[in-house]
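Participant: Give me the fold of what follows.
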Amino acid sequence: MLSTGTRFDPVSRPASRAFMRPAPRHFGWKRWLAALPLAAVAGLAFNASAPAGTPSPESVAAVPEQVQGQWSLASARDLLAVIEESAGEGLNPADYNPDALRAAIEAKRGGPALDALATASALRIAHDYADGRVDDKAALDWHIDAPADLNLIAAGLAEALDQGRLGKWLRGLLPDNDQYRALRAAYAGARGDDALRAQLRANLERWRWMPRELGDRYIYVNVPSYRLSVMSGGLEEATYNVVVGSPKTPTPQLALHAQSVVANPGWTVPQSIIKSGGLRGKGFRWTKRADGSLSAWQPPGPTNALGRIKIDMPNPHAIYLHDTPNHAVFSRENRALSHGCVRVENIEDLAAMLQGGDGLDDALAEPSRTKTFQLEKSMPVYLVYFTAQADPDGTIRYVGDPYGRDRALLAKLGAPGGEAVQVATR
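Facilitator: Below you'll find the model as predicted:
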């Protein structure tokens, strides 16, 4: 089973929401830092001509007078401690320029040089904790919005420095849920197994891409596990076998909302399937469109490709949950078989759970007639990709990598300490 319960303690974790607060209004160094747009943050923290987190001579020279001496040595030590801890998160401390920061602390050098150096390193690690190290997530078919407003991270840094709680603020940007903690513990305990540690690093990174609050009740589809879970209060309420997209037509990673249950749906065939020549069977209604291309629609009925039920969750990728007339596929070990949508075994039970069941059986009794039931309250749906996940007791299960995404992610993430990237074959 999957446990993704999150806890929020307004006393112990106020820093996790710091980047949502408005910038301070008075003038001075905080006003300057908080007002930095993300492009300016990138200029300080992600300068392409130097290692990540290392300010160039030009960026140091450009630091305005208002920020001189704003980084105390105590805050710099807190930052250095967090940087050193980042190895336990599967990140590379060297990306945050710890040697230069350590040298400045040991020499007790304050002033604008320390300000520029520490600010660049802090912004870089804050970004990586809040939103993950990898920026080009879409290249890995991940289309879930960033969990933090990255344009406001500078404001959170300014406030944390002002209140003397830099370390607490930075650590509070990391995911605070059972899955992340279990994966981090497994990563610490897998020393000596480089391939396994690489796989765990990939999944720790993915959790940094996830929303920090998933909701009290939601649908969670982990593509590599071929399972759909209904989560309630951090516990698994129900689970279903699923078929997901094949490696040629993978299921994208999305955060959606289920809004309706459709009994006896018709199927408007995606153009990608028509163009690929992958359409099989009879009973399709073909129409010639104004541009000369063909469209196809399959009426509801026992042979409809969507089966008897579709759970609609509007999105530009045309992905939804649905039934299938071929239930034998659910007994297969490898269930990466679809054109991208998610087929759900016993979907009528899931539909009744979402919709309440009122009138659904009567609608299904008329298989040629489509009826849509709007949900009283939409439900969050997460289509995600984790090749390692924790059971409630903390045991890690390794569920395969049908799309080969771990290796591609690790290539972007880079290996800690220059180690070769290896991927566990499990």
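Participant: Could you tell me which ranges of the stretch 251-400 of the chain sit under the pLDDT cut-off?
Facilitator: 278, 280-282 (pLDDT under 70).
Participant: where exactly do the helices run in it?
Facilitator: 271-276, 347-355, 360-364 (DSSP state H, counting those that start in this stretch).
Participant: what does the stretch 101-250 of the chain give?
Facilitator: For the stretch 101-250 of the chain, helices defined by DSSP H, counting those that start in this stretch occupy the ranges 112-131, 153-163, 166-171, 178-189, 194-209.
Participant: just checking, what packs against the longest one?
Facilitator: In this case it means helix 112-131. For helix 112-131, the packing partners by 3 or more Cβ pairs under 8 Å, 6 or more residues apart in numbering; DSSP states H and E come out as helix 38-45, helix 57-61, helix 73-85, helix 98-106, helix 153-163, helix 166-171, helix 194-209. Heads up, the C-betas are built off the backbone N, CA and C, glycines and all.
Participant: These: lowest mean pLDDT?
Facilitator: If you rank the helices and strands packed on helix 112-131 by mean pLDDT, helix 57-61 sits at the bottom with a mean of 37.
Participant: just to revisit the earlier point, now the helices of the stretch 101-250 of the chain as TSV including mean neighbour count?
Facilitator: TSV is the format used below for the helices of the stretch 101-250 of the chain (neighbours: other Cβ atoms under 10 Å):
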stretch	mean neighbour count
helix 112-131	24
helix 153-163	22
helix 166-171	22
helix 178-189	19
helix 194-209	23
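Participant: Can you check which of these gets nearest to residue 267?
Facilitator: helix 194-209 (31.8 Å; Cβ to Cβ).
Participant: what packs against the closest one?
Facilitator: Using 3+ Cβ pairs under 8 Å, 6+ apart, helix 194-209 is in contact with helix 112-131, helix 178-189, strand 388-390, helix 405-413.
Participant: Next, format the ones you listed as CSV and append distance to residue 149.
Facilitator: Compiled in CSV, those are given as follows (distance: least, Cβ to Cβ, whole Å):
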stretch, distance to residue 149
helix 112-131, 9
helix 178-189, 20
strand 388-390, 28
helix 405-413, 23
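Participant: among those, which is nearest residue 292?
Facilitator: Using Cβ to Cβ, the nearest of the helices and strands packed on helix 194-209 to residue 292 is helix 405-413, at 37.3 Å.
Participant: so residue 143 touches residue 317, yeah?
Facilitator: Yes. Look at residue 143 against residue 317 with Cβ atoms under 8 Å: they come within range, at 7.4 Å.
Participant: which residues do the two both contact?
Facilitator: Common neighbours of residue 143 and residue 317, using Cβ atoms under 8 Å, 6 or more residues apart in numbering, are 252, 254.
Participant: Residue 303: which of the helices and strands packed on helix 194-209 is closest?
Facilitator: helix 405-413 (33.9 Å).
Participant: gap between that closest one and the chain center?
Facilitator: Per Cα atoms, centre = their mean, to the nearest Å, the displacement of helix 405-413 from the mean C-alpha position of its chain is 14 Å.
Participant: same thing with stretch 225-238?
Facilitator: That offset, for stretch 225-238, works out to 17 Å (Cα atoms, centre = their mean).
Participant: ok, now stretch 247-262?
Facilitator: With Cα atoms, centre = their mean as the basis, stretch 247-262 stands 14 Å off its chain's centre.
Participant: That one: end-to-end distance?
Facilitator: The first and final residues of stretch 247-262 sit 28 Å from each other (Cα to Cα, to the nearest Å).
Participant: what do you get for stretch 164-182?
Facilitator: Terminal-residue distance, stretch 164-182 (Cα to Cα): 30 Å.
Participant: cool, and stretch 364-379?
Facilitator: First-to-last residue span, stretch 364-379, Cα to Cα: 22 Å.
Participant: List of residues touching it?
Facilitator: 217-219, 257-266, 299-302, 308-309, 312, 348, 354-356, 359-360, 363.
Participant: Show me which of these are buried.
Facilitator: By neighbour count, with 16 or more other Cβ atoms under 10 Å, those hold 218-219, 257-265, 300, 308-309, 312, 348, 354-355, 360, 363 as buried.
Participant: Mind checking which of those are in strands?
Facilitator: 218-219, 257-263, 309, 312 (DSSP state E).
Participant: Adding distance to residue 130, write the residues you listed out as CSV.
Facilitator: Listed next are those as CSV, based on distance: Cβ to Cβ, whole Å:
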residue, distance to residue 130
218, 21
219, 25
257, 24
258, 28
259, 29
260, 34
261, 36
262, 38
263, 42
309, 38
312, 32
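Participant: can you tell me which two in those are farthest apart?
Facilitator: The span of these, defined through Cβ to Cβ, is set by 218 and 263 at 23.0 Å.
Participant: ok, so what distance separates the closest residue to residue 300 other than its chain neighbours from residue 306?
Facilitator: In space, and not counting its chain neighbours, residue 300 is closest to residue 264: 3.9 Å by Cβ to Cβ, 6 or more residues apart in numbering. Separation of residue 264 from residue 306 (Cβ to Cβ, to the nearest Å): 9 Å.
Participant: list the contacts for the residue lying closest to residue 402 once chain neighbours are set aside?
Facilitator: Excluding the flanking residues, the one nearest residue 402 by Cβ to Cβ, 6+ apart is residue 336, at 4.2 Å. Counting by Cβ under 8 Å, 6+ apart, residue 336 touches 223, 226, 243-247, 250, 402-403.
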